[in-house]
Every structure is written in structure tokens, then in C-alpha cells.
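J.: my questions concern the predicted model and sequence given below.
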Amino acid sequence: AVSQQLQDLLVFRDFPDSSQMPEHLRRLIDFMSATQLRRFTLLLTGFVELPASRADGAPTIITVKYWPSATDCAPVAHRAALTLDLPWYSSFEKLRQMISRTLDDMSEATLMAAYEIDDHREFAAQYTSQG
């Protein structure tokens, strides 16, 4: 399933051993709908589907970095670096709330552009395979 594929790509950095955020994020991904997973993937990578490799050919790894100085703001994704800065949240519910708000706030223009890019990529792949 997509949720497991996404979780397999996550690497957590700088979280204290006592932090439950890595577990909470994995659990949240398990609960995401197909639409939420596509939006979360778009947020992290710029694509609606998980890329098999990075632009430089290296395997895709998404780094989730602990952002201890932030507690009440949304996570920040750096698509080019495939990095998510994840604030410290007091609970699973707070994490769910902040991620949901972030995904809900993604503009329709961003979503349409991403789907259009994927459509062009799919067309190009079909065209070149028929070549």
C-alpha cells in the first residue's frame, strides 16, 4: 500500500529518544485517506506519486527533521531536498490537526498543476515506449 511505501522512505533526524513524533507520524500516515496520501506526497516531493529515485539517480529518501523551536506552526516541506521540518507537538491529535490543516490549505492551483505534470509524464512515457 502507498502508506507503507511512504513510511519506508522516511528517515527521522535529530528527534530526542523520548519523542513520540516519529511513531505518531507513522500512525497518522496509516490513517490517511487516498486523497490525503496524494496530497501529503505532493507536499513532500512535488509529485502526486512517490518518485522511485531523486533527480540525481539516488534512491528516494524523505528526511523528517525535528524542529524543536516550533510548537504551534505547520510543518515545513522542502521539496527539492525531500525534507520535512516537523515541529514538536504535544500529542498525536495536535500532529493530526496541523498536518490536516496543511493538506487542506493546499491550493487547487497547486493540486491541478501537479496532476497536469503527472499526466504529461505519463503521456511522454507511453509515447516513448511506443516509439
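T.: Looks like it came in fine. Just so we're clear, the structure is a prediction, and the values are computed from it rather than from any experiment. Residues are numbered from 1 along each chain as shown.

J.: look up how far Ser90 lies from the residue sitting nearest the centre point of the chain.
T.: Computing the C-alpha centroid of the chain and ranking residues by C-alpha atoms, centre = their mean puts Leu44 first, at 3.3 Å. Per C-beta to C-beta, to the nearest Å, Leu44 is found 23 Å from Ser90. Every C-beta, even on glycine, is put in place using the N, C-alpha and C of the backbone.

J.: just Leu82 next, same as before
T.: 27 Å.

J.: which one of the two has more residues nearby?
T.: Taking neighbours as other C-beta atoms under 10 Å, Leu82 and Ser90 compare with Leu82 leading, 19 against 9.

J.: show me what the residue nearest to Leu9 when sequence neighbours are not counted is bridged to.
T.: Leaving aside its chain neighbours, Leu9 sits nearest to Ile62 (4.8 Å; criterion: C-beta to C-beta, 6 or more residues apart in numbering). With DSSP bridges as the criterion, Ile62 is bridged to Leu10.

J.: can you check the one 5 residues further on too?
T.: Beta bridges link Trp67 to Pro87, judged by DSSP bridges.

J.: distance of it relative to Gln7?
T.: Trp67 sits 20 Å away from Gln7, going by C-beta to C-beta.

J.: burial of the closest residue to Phe15 other than its chain neighbours, as a residue count?
T.: Counting by C-beta to C-beta, 6+ apart, Tyr66 is the residue found nearest to Phe15 once chain neighbours are left out, at 4.4 Å. Residues near Tyr66, counting by other C-beta under 10 Å, number 18.

J.: what's near enough to touch Tyr66?
T.: Phe12, Arg13, Asp14, Phe15, Pro16, Ser19, Met21, Leu86, Trp88 (C-beta atoms under 8 Å, 6 or more residues apart in numbering).
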